[in-house]
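Undergrad: Prediction below, plus the sequence it came from.
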Amino acid sequence: MTVHPAFSELWDEWLSFPPAGEDADSAELSGLLAVLPMMKKDGDSVLIHTSRPWAVRRLARLWKNSRWREALNIAAAVRVPPNMKGRVEISLPARLYASASAPLKRWVWARGAWGGCGAVYTPKSGYYLVMRTGSEAAVKGMGSLLRRARLSWSERAVHGRRELILRDQQEIVAFLSKMGLTSFSLRLEDRAILRAMRDQANRMRNCDTANIKKTLKAAEEQAELARELLRRGAVLDLPPRFQALAEARLEHLEESLSDLGRRLSPPVTKSTVKYRWKRLCEFLDGTKKSKEGNGGET
């Protein structure tokens, strides 16, 4: 199970989402701040962090257009690790953080929360979307939005955090569309269609391969039966239609029962060929029992 490489397009679309005005950008910023993990709360300051550098870039852009832009120089509050390896830390005044991270039951807020803790995964079949955060308030806010949109999700606790999971591809598309990420939603639908077509082609190919193996195995068993009848000299004791079937199999070792039936004169159906092979098996069993009853004499 991996994050799909092409899903970088989703983050590109989220990161480059255009400004939507002070109210909307403030709401998105609230969603992003609400889901970022808190390292510590020390007196009048709160230290949060993230391993997503693109989320910090988005946060800085939103901050410049938010209602809190005059309260803090966000660039001075961000601590970037050396060589951009590790977690980016953000130090905020406690009151400012409490105001800015308050959950809002709006999809623009959900877009920020998604960017801070969301991911799309591709297991062997289907897709699923996960949001993982330690904020109970953010989980309740997101759950409320999903409930209002009549989207089905599951929830579980993992390592002290809560996960919200959407597993239906159509509902994932609906969720992304409601947040305004329509470009990737369309691409996801296209990928789902292509994936379904590829899976169907693979199933057909596997089915064909299995049928070929089954046909070859049956043909080999039938050829061995015909050889055994020849070794025993029992072919001459068979009715002409059974003799013709045994000879046809030895001449055409890889053909299916249907093809073998069309070679006979007159041609017969697949079911008739199967019936005749069954009778040949019974005939061979009878000759074996007769040989055993005669003490092994031929």
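TA: Sure, I can see it. As the structure is a computational prediction, the values presented were derived from the model and not from experiment. Numbers count the residues shown, from 1 in each chain.
Undergrad: Low-confidence bits of this structure, can you list those?
TA: 1-7, 84, 124, 185, 188-200, 208, 233-236, 286-298 (pLDDT under 70).
Undergrad: Okay, now stretch 39-46: how far is its last residue from its first?
TA: 8 Å (C-alpha to C-alpha, to the nearest Å).
Undergrad: Stretch 115-134 too?
TA: 15 Å.
Undergrad: Run the chain-centre distance for it.
TA: 11 Å (C-alpha atoms, centre = their mean, to the nearest Å).
Undergrad: buried ones in that stretch?
TA: 115-118, 120, 122, 127-133 (16 or more other C-beta atoms under 10 Å). Backbone N, C-alpha and C define where each C-beta goes, glycine included.
Undergrad: now, which of the residues you listed lie within strands?
TA: Gly118, Val120, Thr122, Tyr128, Leu129, Val130, Met131, Arg132, Thr133 (DSSP state E).
Undergrad: picking that back up, could the buried residues of stretch 115-134 be laid out in a markdown table, adding distance to Arg167?
TA: Listed next are those as a markdown table, based on distance: C-beta to C-beta, whole Å:
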| residue | distance to Arg167 |
| --- | --- |
| Gly115 | 21 |
| Gly116 | 21 |
| Cys117 | 17 |
| Gly118 | 14 |
| Val120 | 11 |
| Thr122 | 12 |
| Tyr127 | 8 |
| Tyr128 | 5 |
| Leu129 | 8 |
| Val130 | 10 |
| Met131 | 13 |
| Arg132 | 15 |
| Thr133 | 19 |
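Undergrad: about what we covered before: among the ones in strands among the buried residues of stretch 115-134, which one lies nearest to Leu47?
TA: Comparing these against Leu47 with C-beta to C-beta places Thr133 closest, at 16.6 Å.
Undergrad: ok, back up a step: which of the ones in strands among the buried residues of stretch 115-134 sit farthest apart?
TA: Among those, Thr122 and Thr133 lie farthest apart (C-beta to C-beta), at 21.8 Å.
Undergrad: tell me which element Leu164 is part of?
TA: strand 161-166 (DSSP states H and E).
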